[in-house]
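K.L.:
This is the structure alone, sequence omitted:
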């Protein structure tokens, strides 16, 4: 339930990819007022979920790996270790977007979609940027995945990393100090820390 | 390593809480050009990490719960299920911020900080909004946690939820359709789906 009376939002920046807004609000319970500032992606027509992140399990040489990417993020100013991810195109299902983005960013082809999550919001205090998280299986021993070739946009530079799942925490702990981590991946990796001790 | 030549950023919106920027970039490898649009929180002086999210393990009546919050998020326009979280204040350590925010948002007092994660970025393709994830232990049977009382700002309305850890996935799957989930929490809950089948 919405605890606020909301005034119509004012668009304060209208870009090609995002727009920023100010929204005046009043708490229904006590009349306390404020202004919320937020940023929103411009979505293609008919697209209601901005993107997908992919948890790819790669079975290769009898081991299980998670497929990660490293790329320089201009907003952050650093190289970021992330799940493969991307925006959903017009007229594309979430599954299609996940398989396409995985192939484009990493060159790998998945052979099975294991699970599609509910919608989730990446940073809901400042944006409605949303995604679904998709678990896929990749047969790393198959011929089509022997020499994966990325299909990147001219401006993209993405490094692929295969990390044994059992070594994910150690891998993240030992990252070069110039490499940072994306939150969806980091919290995922903390399950055993939470359960463990 | 930065694969781009970056022009100085242009501030296109300067708000009280956030500012939005445009940054022209040129790929070093091929000269391909573009403009990146991003949003950045205004940080207090001396603060380099915007916020904390708290993975609180509550031991109560012989069971282990995870402590979650539900709150209406104006950018999203819906109630969001989230980890307790908040911004780091000036001259505050991450541990202090985690314990303070947990107490303010939920009324619970933690008795131990178990782990402080590395820095992570919530949505690095559009913002440098950053956090550390802090695991804490809460003794739900102690006298100070028998009747937890929130200390909320006048504009805040936050509902507390205790979910048995073993039932977290089921709880998220069965959320009311008007309630959405934050990404850091959702990916955390998907570890067993990834490992499992």
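P.N.:
Received, thanks. Small disclaimer: the values here were computed from a predicted structure and weren't measured. Numbers count the residues shown, from 1 in each chain, chains lettered A, B, ... in the order given.

K.L.:
Show me chain A divided up by domain.
P.N.:
Following automatic domain parsing, chain A resolves into domains at A:4-41, A:51-196.

K.L.:
Which positions in the shortest one come out as buried?
P.N.:
Under the neighbour-count criterion of 16 or more other Cβ atoms under 10 Å in any protein chain shown, domain A:4-41 has A:4, A:9, A:12-13, A:15, A:17-23, A:25-27, A:34, A:36-41 buried. From N, CA and C alone the C-beta is placed, and that goes for glycine too.

K.L.:
nearest spatial neighbour of residue A:136, skipping sequence neighbours?
P.N.:
Nearest non-adjacent residue to residue A:136, counting by Cβ to Cβ, 6 or more residues apart in numbering or on different chains: residue A:110, 3.8 Å away.

K.L.:
can you pull the contacts of that neighbour?
P.N.:
A:56, A:98, A:99, A:102, A:136, A:137, A:138 (Cβ atoms under 8 Å, 6 or more residues apart in numbering or on different chains).

K.L.:
quick one: which of these has the most company?
P.N.:
In terms of neighbours by other Cβ atoms under 10 Å in any protein chain shown, the contacts of residue A:110 top out with residue A:98 at 29 neighbours.

K.L.:
Quick one: the helices in chain A, in order.
P.N.:
Secondary structure of chain A by DSSP state H: the helices cover A:94-106, A:168-173, A:183-189, A:191-196.

K.L.:
Could you say which of those helices is packed most deeply?
P.N.:
Mean neighbour count, computed with mean count of other Cβ atoms under 10 Å in any protein chain shown, is highest for helix A:183-189 among those, reaching a mean of 26.

K.L.:
now what about that helix, what contacts it?
P.N.:
The contact list for helix A:183-189 (Cβ under 8 Å, 6+ apart) reads A:53, A:55, A:68, A:81-83, A:122, A:131, A:133, A:168-169, A:172, B:53, B:55, B:117-118, B:120-123, B:131, B:133, B:183-188, B:190-191, B:194.

K.L.:
And stretch A:34-43, by the same measure?
P.N.:
For stretch A:34-43, using Cβ under 8 Å, 6+ apart, the contacting residues are A:12, A:15-25, A:50, A:87, A:126-129, B:15-18, B:20, B:39, B:74-75, B:126-127, B:155.

K.L.:
Mind doing that once more with 7 Å?
P.N.:
Applying Cβ atoms under 7 Å, 6 or more residues apart in numbering or on different chains, the set of residues contacting stretch A:34-43 from outside is A:17-25, A:50, A:126-129, B:15-18, B:20, B:39, B:74-75, B:126, B:155.

K.L.:
Mark which of those are part of strands, please.
P.N.:
Among the contacts of stretch A:34-43, the residues falling in strands (DSSP state E) are A:18, A:19, A:20, A:21, A:22, A:23, A:24, A:25, B:18, B:20, B:39.

K.L.:
which of these lies closest to residue B:176?
P.N.:
The closest of those to residue B:176 turns out to be residue A:25 (Cβ to Cβ; 22.3 Å).

K.L.:
what's the spacing between the residue nearest the centre of chain A and residue A:104?
P.N.:
What sits nearest the mean C-alpha location of chain A, by Cα atoms, centre = their mean, is residue A:53, with 4.1 Å. Counting by Cβ to Cβ, to the nearest Å, the separation of residue A:53 from residue A:104 is 14 Å.

K.L.:
what does residue A:160 give?
P.N.:
Residue A:160 is 12 Å from residue A:104, by Cβ to Cβ.

K.L.:
cool, and residue A:21?
P.N.:
31 Å.

K.L.:
Run through chain A and note the low-pLDDT ranges.
P.N.:
A:197 (pLDDT under 70).

K.L.:
Apply 50 and report the result again.
P.N.:
Applying pLDDT under 50 to chain A flags no residue at all.
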